[in-house]
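**Student:** here is the input, now give the coordinates:
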Amino acid sequence: MFKNNKLTINYEEQFYNFNFFNSFSLEKIIQNSLINGNKKSYTKKISNNKKLLLTKIFEESNEVWCASNSKNKYNLIYELADLIYFITILCVSNKIKLNLIFNKIINKYNSNQLNLNKNLNVQTIKLGLCLNKYIIDYKKIFDFLKINGINISIENNKKVNAKFINKNNIKIKSFFIKPKDVFKFMEKNLMNAVICYEDILENYPCNYKKINLIYDSNEILSSKICVISHKNFDLQIYKKNKLKKLVIFSEYIYLTNKWIEENELTAKIVNVNGANEGHLICNLCDLIVCVSSTGETIRANNLQILEIIYESKLGVYVKPELQEEIQNIINKGK
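**Tutor:** The predicted structure follows:
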């Protein structure tokens, strides 16, 4: 991974190409290296030697201290890069997700902000609408939200109008948003609330709080993330023989990687936006991970659901500092 003191990443390693913190990309590159990398790789070697890893972290911390006292900021950047690399290996080796660390930092910041803004009065909500793109009829979803105090309508299949039923003095700027942009919009304060399925926030981690809603048994409010294969594929036989490295097409990189680790598989994940049955039918991959509702198209194409790796419901999620006030507004509108 490191050659001539430079970080080199080959094309195959860049399957985790999120448009947010590069640290999450580094985390996934290291995970992939530990699972699928060469036994002689430096990353794998140092991760298996805790004493050496901690020694390197201590050494690099000292190098950062020294570099911070120099006038050359590029030396500091170089030393910080090395330190972050070794710390990330430590996190991955101990199965600690970087988003948990970042969320801890953000929560500390937000708790301080809450103490400074106890009398916060929300004037404008920037609400993103991130729904399953395969849903054609939004009526049931909007009926569900109306029961919970949020009235939403769509003009010309593009413009989204939203308002709280019992709180007309609060303006809501609403818009459609893609799953991969949820984190970026939240972190840059372009959005402070989102309506989406919770698997999106599991896959694209960001700091949010869930609003309690009233649910019914409506299936359209649930989403299942499934691992799908050809009917003749037997996971147990593969785990026993492991004849080749699996190729998995998936948009849900976090969830897919977790499933691979749990099943101790050797696999390459290819980040495909909108993985579907066609990729399997054309034999472009061994498995796909995607949303499945009824499973009719899966059975019709002689495919099977190997496992449901995540089940989620539609929900409303907001920035922590807005949770209490938004929850009160929702409760009064139900």
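
**Student:** pull the CA atoms of stretch 86-94 into PDB?
**Tutor:** C-alpha atoms of stretch 86-94 as PDB (Å, rounded to 0.1, in the frame of the first residue of the first chain):
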ATOM      1  CA  PHE A  86      -1.800   3.700  11.600                       C
ATOM      2  CA  ILE A  87      -4.700   4.800  13.800                       C
ATOM      3  CA  THR A  88      -7.100   3.600  11.100                       C
ATOM      4  CA  ILE A  89      -5.400   0.200  11.100                       C
ATOM      5  CA  LEU A  90      -5.800   0.100  14.900                       C
ATOM      6  CA  CYS A  91      -9.600   0.900  14.500                       C
ATOM      7  CA  VAL A  92     -10.200  -1.600  11.700                       C
ATOM      8  CA  SER A  93      -8.200  -4.400  13.600                       C
ATOM      9  CA  ASN A  94     -10.500  -3.800  16.700                       C
END
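
**Student:** Val227 reaches Lys258, doesn't it?
**Tutor:** No: using CB atoms under 8 Å, Val227 is not in contact with Lys258, being 11.4 Å away. C-beta here means a position set from N, CA and C on the backbone, and glycine is covered the same way.

**Student:** next, count neighbours for the closest residue to Asp286 other than its chain neighbours.
**Tutor:** Leaving aside its sequence neighbours, Asp286 sits nearest to Leu246 (CB to CB, 6 or more residues apart in numbering; 4.6 Å). Other residues near Leu246 come to 19 when the count uses other CB atoms under 10 Å.

**Student:** so who does Leu246 touch?
**Tutor:** Neighbour list for Leu246: Tyr238, Leu265, Thr266, Ala267, Lys268, Asp286, Leu287 [criterion: CB atoms under 8 Å, 6 or more residues apart in numbering].

**Student:** in these, find the pair that's most separated.
**Tutor:** Tyr238 and Lys268 (14.3 Å; CB to CB).

**Student:** let's see stretch 237-249 as PDB, backbone CA atoms only.
**Tutor:** The C-alpha coordinates for stretch 237-249 follow below in PDB (Å, rounded to 0.1, in the frame of the first residue of the first chain):
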ATOM      1  CA  ILE A 237     -20.700 -25.300  -0.300                       C
ATOM      2  CA  TYR A 238     -18.800 -22.100  -1.300                       C
ATOM      3  CA  LYS A 239     -17.700 -21.400   2.200                       C
ATOM      4  CA  LYS A 240     -16.400 -25.000   2.500                       C
ATOM      5  CA  ASN A 241     -14.500 -25.000  -0.800                       C
ATOM      6  CA  LYS A 242     -13.800 -21.300  -1.600                       C
ATOM      7  CA  LEU A 243     -12.800 -22.100  -5.200                       C
ATOM      8  CA  LYS A 244     -12.600 -18.400  -6.200                       C
ATOM      9  CA  LYS A 245     -13.000 -14.900  -5.000                       C
ATOM     10  CA  LEU A 246     -16.600 -13.700  -5.200                       C
ATOM     11  CA  VAL A 247     -17.500 -10.600  -7.200                       C
ATOM     12  CA  ILE A 248     -20.400  -8.700  -5.500                       C
ATOM     13  CA  PHE A 249     -22.200  -5.800  -7.100                       C
END
